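[1] here is a sequence with its predicted model. Questions after.
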Amino acid sequence: MNDATDNLIEIRDLDYTRGRRQIFRGLNITIKRGQITAIMGPSGTGKTTLLNLITRQLRPDRGSIVVDGINISALNQKELYRFRRRFGMLFQNGALLTDLSVFENVAFPLREHTKLPNRLIRHIVLTKLHAVGLRGAADMMPSELSGGMARRIALARAMVMDPDILIYDEPFVGLDPISMGVIVRLVRQMNDALGISSILVSHDVQEIAAVADCSYLIADGKVAASGSPDELSNTSSEVVKQFMHGMADGPVAFHYAAPNYAEQLLGRDVE
């Protein structure tokens with residue numbers, strides 16, 4: 001890691017279009033080293049797309065993404081695969097491999113990317129499972145786990161390669177209040193204990209407020225507001241107010257842009 005700057009990831013003047021829809025227009029985001037940075041916004045604003053751009057699963061139409069001093073657009077395929085090992089990813093809904101036990105799910109990245117002996121793999125896997133409180137579930141199958149347990153196993157898998165950057169894509173979706181509280185605590189504990197940096201994509205305002213150091217709210221392809229959760233809650237922006245307070249009416253419309261309703265329904269011009 002390059003310790004010369006506090007900025008771990010710098011996204012500058014980013015444009016990205018999918019089909020006819022422009023997702024980002026001149027997006028600018030700075031993610032600080034050692035912090036938990038939240039990316040928020042209404043559904044469909046491109047939060048998960050942004051993660052795919054940061055890990056270069058997608059390429060921007062314009063602009064740059066620099067991760068720890070590396071312009072990721074300039075990496076060749078071999079360099080890109082090596083670069084991605086610096087990331088751990090907690091996918092939406094966990095995405096555990098259903099035919100593998102809990103132990104083998106967590107061990108999977110080690111078996112794929114290292115030549116460690118089985119004895120050391122066992123030690124590492126049990127250590128990570130213990131960190132999320134589920135060492136006793138090592139022999140269980142994903143179908144036997146509750147939603148909260150599955151999310152914690154997925155977190156252990158995301159940590160198993162000791163990444164520099166841990167990415168969480170909607171980690172709180174579908175969890176009961178207790179499981180959600182456990183995940184919130186683990187996000188904070190893992191970030192601080194391991195000395196890593198975390199990117200958390202979510203629309204759960206209360207949970208973000210409890211764990212994030214800095215938050216960005218994206219709307220209309222740009223950053224609508226940024227700052228601490230308290231700063232976002234007290235903003236004058238109507239878009240941010242609508243999102244932070246869960247207001248049904250506001251700048252974010254209920255209807256997605258569409259042709260004239262009567263014309264489309266009846267299949268003829270409206271007189």
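    Happy to help now that I have it.

[2] and the next element down the chain from the helix or strand bottoming out on mean pLDDT in the chain?
    Across the helices and strands of the chain, mean pLDDT, DSSP states H and E gives its lowest value to helix 238-244, namely a mean of 62. Downstream of helix 238-244, the next assigned helix or strand under DSSP states H and E is helix 261-266.

[3] how about the helices in the protein?
    Using DSSP state H, the helices found in the chain span residues 47-54, 77-84, 102-113, 118-131, 147-159, 177-194, 205-211, 229-233, 238-244, 261-266.

[4] from those, which stretch is densest packed?
    Ranked by mean neighbour count, the helices of the chain are led by helix 147-159 with a mean of 24 (mean count of other CB atoms under 10 Å). For glycine as for every other residue, the C-beta is placed from the backbone atoms N, C-alpha and C.

[5] pLDDT weak spots in this structure?
    Applying pLDDT under 70 to the chain picks out residues 1-4, 236-258, 268-271.

[6] and if we set it to 50?
    251, 254-255, 270-271 (pLDDT under 50).

[7] my read: residue 141 touches residue 102, true?
    Yes - counting by CB atoms under 8 Å, residue 102 is a contact partner of residue 141 at 7.4 Å.

[8] can you list residues touching both of these two?
    Applying CB atoms under 8 Å, 6 or more residues apart in numbering, one finds that no residue jointly contacts residue 141 and residue 102.

[9] circling back: just send the helices of the chain back as TSV, with distance to residue 220 too.
    As requested, the helices of the chain are arranged in TSV below (distance: least, CB to CB, whole Å):
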stretch	distance to residue 220
helix 47-54	14
helix 77-84	30
helix 102-113	37
helix 118-131	39
helix 147-159	31
helix 177-194	28
helix 205-211	19
helix 229-233	16
helix 238-244	8
helix 261-266	23
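
[10] for residue 38, find the nearest of those.
    helix 205-211 (4.6 Å; CB to CB).

[11] show me the contacts for residue 56.
    Counted by CB under 8 Å, 6+ apart, residue 56 has contacts 65, 72, 73, 75, 80, 83, 84.

[12] got a markdown table for these, with distance to residue 215 too?
    As requested, those are exported to a markdown table (distance: CB to CB, whole Å):
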| residue | distance to residue 215 |
| --- | --- |
| 65 | 19 |
| 72 | 23 |
| 73 | 26 |
| 75 | 29 |
| 80 | 29 |
| 83 | 26 |
| 84 | 25 |
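
[13] for those, which one is nearest residue 198?
    Of all the contacts of residue 56, residue 84 has the smallest distance to residue 198: 16.5 Å, by CB to CB.

[14] what's near enough to touch the closest one?
    55, 56.

[15] for residue 219, see how far away it is.
    For residue 84, the distance to residue 219 equals 29 Å [CB to CB, to the nearest Å].

[16] residue 62 now?
    Between residue 62 and residue 219 the computed distance is 20 Å (CB to CB).

[17] and residue 21, by the same measure?
    14 Å.

[18] how about residue 73?
    The value you get for residue 73 to residue 219, if CB to CB is used, is 26 Å.

[19] neighbour-wise, which of these two wins?
    In this view residue 73 and residue 219 are compared by other CB atoms under 10 Å, and residue 219 has more residues nearby, 19 against 13.

[20] so the more buried one is in contact with residue 42, correct?
    Yes - using CB under 8 Å, residue 219 is in contact with residue 42, at 6.7 Å.

[21] next one: phi and psi at residue 6?
    phi -80, psi -20 (degrees, to the nearest 10).

[22] what's near enough to touch it?
    The contact partners of residue 6, by CB under 8 Å, 6+ apart, come to 32, 33.

[23] for residue 194, see how far away it is.
    Per CB to CB, residue 6 is found 18 Å from residue 194.

[24] for residue 202, same thing?
    20 Å.

[25] can you check residue 16 too?
    For residue 16, the distance to residue 194 - CB to CB - is 31 Å.

[26] endpoints of stretch 94-109, how far apart?
    15 Å (CA to CA, to the nearest Å).

[27] and for that stretch, what's in contact with it?
    Contacts of stretch 94-109 (CB under 8 Å, 6+ apart): 121-122, 125, 128-129, 134, 137-143, 145, 150-151, 153-154, 156-157, 160-161.
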